[in-house]
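>>> Sequence first, then the predicted structure:
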Amino acid sequence: MATRKIAVLIGSMRKESFSRKLAKTLMLVAPPTLELEIVEIGQLPMYNQDDETDAPPPSWTEFRDRIRDADAILFCTPEYNRSLPGVLKNAIDVGSRPYGKAAWTGKPCAVVSNSPGALGGFGANHAVRQTLVFLNMPCMQSPEAYIGGIADKFDGDQLKDDGLRSFLQQFMECYATWVERHAD
């Protein structure tokens, strides 16, 4: 398998974000065929079609270029009010424009959601997936990753749950296969 560039988007801007800790763990357990890099989304101005001119905000252009350069996308998100966080939805919207030139088109992806509660961000996971259908992104269906009780899984930045580590490693191996199958 070829080495594939993966853009990792984190749906939380909090300094001690569990989603960021989870994303970094996913990067550590990923097979060597995946080159994962976090693409920051917190600096993106809110999408406003009025700003979609011949000279859109530079951060939009840079973000879109980074997504286009990636072979695949990995979304790692918490759940906010049974849905995805606004910062992640904004990034998805920015990357989806201008109409007909979405940076996301055809990029294989996967969604990992988390929550301190038992459902593991099920609502956020499916809200992201619903958006990806419109963007023509083949999203890995199985295994699904809903990480519940996330607040008890880390000691600082270190994952302390060996069962979860094993699951995340298996998830990333499946994701590598998915990416290879669907990447250009």
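Nice, thanks for sending it over. Numbering: from 1, shown residues only.
>>> center of the protein - which residue?
In the chain, the residue lying closest to the centroid (CA atoms, centre = their mean) is Phe75, at 1.2 Å.
>>> how about the nearest residue to that one, chain neighbours excluded?
With sequence-adjacent residues excluded and distances taken as CB to CB, 6 or more residues apart in numbering, Phe75 is closest to Val111, at 4.6 Å. Heads up, the C-betas are built off the backbone N, CA and C, glycines and all.
>>> Please report the number of neighbouring residues for the one you found.
Each residue near Val111 was counted by other CB atoms under 10 Å, and the total is 25.
>>> Go ahead and report the secondary structure state at it.
When classified by DSSP: H, G, I helix; E, B strand; the rest coil, Val111 comes out as strand.
>>> my guess is it meets Phe122, correct?
No: with contacts counted by CB atoms under 8 Å, Val111 stays clear of Phe122, the gap being 10.8 Å.
>>> The chain: strands as residue ranges?
With DSSP state E as the criterion, the chain has strands at 4-10, 34-38, 72-78, 109-114, 145-147, 154-155, 158-159.
>>> Show me what the fifth one pairs with in its sheet, parallel or antiparallel.
Taking DSSP bridges as the criterion, strand 145-147 pairs within the sheet with strand 109-114 (parallel).
>>> quick one: buried residues of the partner strand?
Using 16 or more other CB atoms under 10 Å as the burial criterion, the residues of strand 109-114 that qualify are 109-114.
>>> ok, which stretches of the protein are helices?
Secondary structure of the chain (DSSP state H): helices located at 18-29, 58-69, 86-95, 122-134, 162-182.
>>> Convert the last one to CSV, retaining C-alpha atoms only.
Going back to what we said before, that points to helix 162-182. Output of helix 162-182 as CSV, limited to C-alpha atoms (Å, rounded to 0.1, in the frame of the first residue of the first chain):
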residue,chain,number,x,y,z
ASP,A,162,-5.7,-0.8,27.0
GLY,A,163,-9.0,-2.1,25.6
LEU,A,164,-9.7,1.2,24.0
ARG,A,165,-6.1,1.4,22.6
SER,A,166,-6.6,-2.0,21.0
PHE,A,167,-9.9,-1.0,19.5
LEU,A,168,-8.4,2.2,18.1
GLN,A,169,-5.5,0.3,16.6
GLN,A,170,-8.0,-2.1,14.9
PHE,A,171,-10.1,0.9,13.8
MET,A,172,-7.1,2.6,12.2
GLU,A,173,-6.1,-0.6,10.4
CYS,A,174,-9.6,-0.9,8.9
TYR,A,175,-9.4,2.8,8.1
ALA,A,176,-6.1,2.3,6.2
THR,A,177,-7.7,-0.4,4.1
TRP,A,178,-10.8,1.8,3.5
VAL,A,179,-8.6,4.7,2.4
GLU,A,180,-6.6,2.5,0.1
ARG,A,181,-9.7,1.1,-1.5
HIS,A,182,-11.3,4.5,-2.1
